[in-house]
Structure formats: C-alpha cells, structure tokens
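> no FASTA, just this:
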Ligand SMILES: Nc1ncnc2[nH]cnc12
C-alpha cells in the first residue's frame with residue numbers, strides 16, 4: 001500500500017515537472033515573439049492600439065482544443081475507473097464526467113482577473129506603439145519587483161536571500177538595458193506622446209505585477225481542487241473577459257471599421273497584415289497560458305522571473321530581425337539576467353533538498369509498529 005502511494009506521488013511529481021517545462025516553453029515563446037510581432041504591426045502602418053491589445057486575448061478559442069482533449073481523456077479514464085470500481089465496489093470520481101470543472105468562485109475571480117488583464121493589455125500595447133523596444137522592455141522588466149512586493153503581500157511569498165538576489169540582479173539588468181535609451185524618442189513623436197507611452201508602460205508593469213500574484217491567490221483560495229484542466233478553463237474565462245474589455249475599446253474607437261483600410265495600406269501587403277494579426281493572437285495565447293501555468297506548477301514570482309530573464313532575449317531577437325544595434329549594455333544585461341535566474345534556481349534546489357530531508361525525518365523517528 002505504502003509502495004503504491006509512493007509510486008503515485010512520484011508520478012505526480014514527474015507530471016508536474018513535465019507541465020512546468022511545457023509552460024516555461026509556452027511562456028518563452030509568448031514573451032519573446034509577442035512584443036516582436038506586436039511591434040511588427042506598428043512598424044509597418046498599424047495604428048490601432050485597442051485592436052492590438054484585443055489581439056493579446058482574442059485568440060482564446062484555440063484553448064478549446066486542449067480543453068476538449070482533456071475532457072475526452074477524463075471521460076475515458078473515468079469509464080475505466082467506473083468499470084474497475086463496479087467490480088471492486090470503489091466509488092468513482094464524479095468530477096471526471098463533468099464538461100466544465102469550474103465552480104462560481106473561481107469563475108468570478110477569473111472574470112475579475114480578465115477585466116484587469118484587458119486594461120493591462122491596453123496599457124502595454126500603448127507602450128509598444130510609442131516607445132522603442134529597448135525602452136518598453138526596460139520598464140516591463142521592473143514588473144518583477146512589483147510582483148515580488150504583491151506576492152509578499154497577497155500570498156505571503158517567502159523571499160529567500162536567493163530570490164531577493166535574483167530580483168535585484170534582474171532589475172539591475174533592466175536598468176543597464178535602459179542606459180542607452182537616452183534621447184531615443186522617435187522623430188515623428190512629440191515629447192508628450194513619448195511621456196504618455198512611458199507612463200502607460202509603467203502602469204502595465206504595476207498592473208501585471210499585481211495580476212500574477214492575484215492568480216496565485218485564486219488558486220490558493222479556490223474551494224475546489226486545481227488541476228491543469230481547470231487552469232485551461234481559467235485561461236479561457238480570463239481571456240474572454242479581457243477580449244470583452246478591448247472589444248468595448250475597439251467599438252468606441254471605431255477600430256473594427258478601420259481594419260480593412262489599414263490592411264490595404266499595410267506596407268508589407270494585405271496578406272501579411274492578416275498573417276501578423278493571426279500569428280499575434282496565437283502567440284499571445286502562449287504567453288498567458290504559460291504565465292498562469294507556471295504559477296500553477298511553481299509560483300507567481302517564478303513566472304515573473306522567467307518573464308524578466310527572457311526580456312534580453314527579446315532584445316537580441318529585435319537586433320536580429322529588426323536590425324537594431326547591439327550595444328555593450330545589452331550583453332551586460334543578458335549576463336546579469338542569467339546570473340539572477342541561476343541564483344533563483346540554485347536557491348530552489350537547495351530549498352527542495354531541505355524539504356525532502358525534513359519529510360524523511362519523521363519516518364525514521366517513528367516507532368516501528370509490531371506485526
Ligand atoms: N499585457 C502584457 N502583455 C505582455 N507582457 C506584459 N507585461 C505587462 N503587461 C503585459
């Protein structure tokens with residue numbers, strides 16, 4: 001019996017590590033390619049900020065694919081368990097047969113997070129439209145410090161010397177990255193436009209720094225078991241509400257009527273315009289699913305650290321694809337980010353080892369029962 005429990009526990013741990021790796025990959029794709037494709041829209045004639053922020057969430061119907069696969073899998077496994085339990089008189093798990101796992105408290109929390117995400121997407125898109133990538137990346141990297149502060153307040157995230165060191169190094173990396181942005185205001189932009197873009201991006205960093213721990217709090221306070229299938233449903237509801245917020249913005253701003261004209265005038269061609277739009281919607285889904293998936297497998301702080309560590313990668317990709325200059329600051333920033341990331345993981349590994357030792361201790365101290 002104890003052996004069976006050990007095997008199930010080991011299986012669960014392996015599954016969680018596999019899920020963590022998968023979500024880190026999704027987050028990496030979204031975090032690196034998202035800002036680049038959003039910028040591609042603005043660089044070649046795109047002007048609609050509400051539309052651009054709408055694209056960050058509107059690709060959510062694609063999440064219906066893994067939701068359906070997960071439902072079919074649950075049903076299949078529940079049929080097998082039902083069959084086994086009918087012969088072994090064990091109760092079957094009712095939740096497995098449900099098409100929708102989410103209960104009202106999680107639904108309302110996801111809806112609120114979705115509304116905040118919709119507003120955040122607008123702030124973020126505004127910054128990408130107005131500022132050079134290097135500047136907006138610098139500001140967004142400060143999000144890590146806000147996440148650390150909000151995670152400390154909302155979910156009592158323990159800040160070890162290693163995670164604090166990681167926050168410090170990653171923030172320093174962002175500051176170094178911004179050193180070369182002096183006087184980088186584009187020629188066709190007024191000082192006021194530039195300043196508003198700057199402030200909007202600061203707002204995005206603060207708001208998203210709040211949203212990540214809020215999601216972790218939702219997982220912790222949910223009065224139901226959180227599984228990855230439920231995480232997919234949360235992503236769906238969150239993005240639906242974010243899309244709703246941005247749809248209102250688009251309607252007020254008359255963006256829907258402007259899309260056709262904008263596509264025809266796009267300097268890369270109409271076909272490429274729609275390709276950018278579709279790719280953008282899909283890439284941002286990777287970002288948001290990756291972000292909340294990493295929170296599920298790890299924590300909101302880990303999600304923010306991965307986002308911060310990948311920002312210099314985005315810079316390098318911008319150098320390759322948009323022929324931006326690669327100054328020494330970018331190399332230093334990259335090194336600092338990797339150092340911060342290594343520090344965080346070293347701390348986590350040390351912590352895990354300590355926890356495992358503590359788990360094993362009572363077993364060795366327990367008296368051996370008489371047969
Ligand atoms: N809406 C957003 N999209 C991507 N990265 C972000 N960082 C802060 N807000 C963001």
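Yep, it's here. The model shown is predicted, which means the values in this text are computed figures rather than measured ones.
> give me phi/psi at the residue nearest the centre of the chain?
Using Cα atoms, centre = their mean, the residue of the chain that lies closest to the mean C-alpha position is residue 291, 2.0 Å off. Here is the backbone geometry of residue 291 (degrees, to the nearest 10): phi -60, psi -50.
> Then the one 3 residues further on?
Main-chain torsions, residue 294, degrees, to the nearest 10: phi -70, psi -30.
> for the ligand, what are the nearby residues on the stretch 201-350 of the chain?
204, 205, 208, 287 (Cβ under 6 Å from any ligand atom). No exception for glycine: its C-beta is placed from N, CA and C like everyone else's.
> any chance of these in JSON lines, plus secondary structure, pLDDT and neighbour count?
Putting these into JSON lines (DSSP: H, G, I helix; E, B strand; the rest coil; pLDDT from 0 to 100; neighbours: other Cβ atoms under 10 Å) gives the following:
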{"residue": "204", "secondary structure": "helix", "pLDDT": "96", "neighbour count": "24"}
{"residue": "205", "secondary structure": "helix", "pLDDT": "93", "neighbour count": "25"}
{"residue": "208", "secondary structure": "helix", "pLDDT": "97", "neighbour count": "22"}
{"residue": "287", "secondary structure": "helix", "pLDDT": "97", "neighbour count": "20"}
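> Those residues: which two are farthest apart?
Using Cβ to Cβ, the two most remote members of those are 205 and 287, lying 15.1 Å apart.
> coming back round to it: quick check: the residue nearest to the centre of the chain touching residue 307?
Yes - proximity of residue 291 to residue 307 meets the contact threshold set by Cβ atoms under 8 Å, at 7.2 Å.
> Would you mind listing the residues touching both of those two?
Taking Cβ atoms under 8 Å, 6 or more residues apart in numbering as the contact criterion, the common neighbours of residue 291 and residue 307 are residue 27.
> now the closest residue to the ligand within the stretch 251-371 of the chain: how far from residue 153?
Closest contact between the stretch 251-371 of the chain and the ligand, by Cβ to the nearest ligand atom, is at residue 287 (6.0 Å). Using Cβ to Cβ, to the nearest Å, we find residue 287 at a distance of 25 Å from residue 153.
> other SSEs contacting the helix or strand where residue 257 lies?
Assigning secondary structure by DSSP states H and E places residue 257 in helix 255-265. Contact here means 3 or more Cβ pairs under 8 Å, 6 or more residues apart in numbering; DSSP states H and E; on that basis helix 255-265 packs against helix 49-55, helix 270-297.
> how about low-confidence regions in the stretch 251-371 of the chain?
In the predicted model, the stretch 251-371 of the chain carries pLDDT under 70 at residues 325, 361-371.
> ditto for the stretch 101-250 of the chain
Applying pLDDT under 70 to the stretch 101-250 of the chain picks out residues 134, 177-186.
> That one: helices as residue ranges?
Here the stretch 101-250 of the chain has its helices, by DSSP state H, counting those that start in this stretch, at 104-130, 133-141, 143-154, 161-177, 191-221, 228-252.
> With distance to residue 10 added, can I get these in TSV?
Compiled in TSV, those are given as follows (distance: least, Cβ to Cβ, whole Å):
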stretch	distance to residue 10
helix 104-130	29
helix 133-141	37
helix 143-154	29
helix 161-177	26
helix 191-221	23
helix 228-252	18
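> Just name the most buried of those.
Looking across these with neighbours counted as mean count of other Cβ atoms under 10 Å, the highest average goes to helix 133-141: a mean of 24.
> relative orientation of that helix and helix 191-221 in degrees?
Using axes from the mean of the first three to the mean of the last three Cα atoms, to 10 degrees, the inter-axis angle of helix 133-141 relative to helix 191-221 is 40 degrees.
> Could you check the angle helix 133-141 makes with helix 104-130?
Angle of helix 133-141 versus helix 104-130, following the same axes, to 10 degrees, is 150 degrees.
> Helix 161-177 and helix 133-141, what's the angle between them?
150 degrees.
> Report the distance from the helix or strand hosting residue 353 to the chain centre.
Taking DSSP H and E as the criterion, the element that holds residue 353 is helix 328-365. Once both centres are worked out by Cα atoms, centre = their mean, to the nearest Å, helix 328-365 turns out to sit 21 Å from its chain's centre.
> in it, what counts as buried?
By neighbour count with 16 or more other Cβ atoms under 10 Å, helix 328-365 contains the buried residues 329-330, 332-334, 336-337, 339-341, 343-344, 347-348.
> thought residue 47 was touching residue 262?
Yes - using Cβ under 8 Å, residue 47 is in contact with residue 262, at 6.9 Å.
> Where does the stretch 1-150 of the chain get nearest to the ligand, which residue?
Nearest residue of the stretch 1-150 of the chain to the ligand, counting by Cβ to the nearest ligand atom: residue 124, 3.5 Å away.
> ok, and the closest non-adjacent residue to that residue?
Excluding its sequence neighbours, the residue lying closest to residue 124 (Cβ to Cβ, 6 or more residues apart in numbering) is residue 204, at 4.1 Å.
> ditto for residue 301
That would be residue 151: by Cβ to Cβ, 6+ apart, it lies 5.1 Å from residue 301.
> Please apply the same query to residue 239.
Distance criterion Cβ to Cβ, 6+ apart; nearest residue to residue 239, sequence neighbours excluded, is residue 60 at 3.5 Å.
> What's the separation between the residue nearest to residue 296 when sequence neighbours are not counted and residue 207?
Take residue 296 and drop its neighbours on the chain: the residue closest to it by Cβ to Cβ, 6+ apart is residue 231, 5.0 Å away. For residue 231, the distance to residue 207 under the criterion Cβ to Cβ works out to 21 Å.
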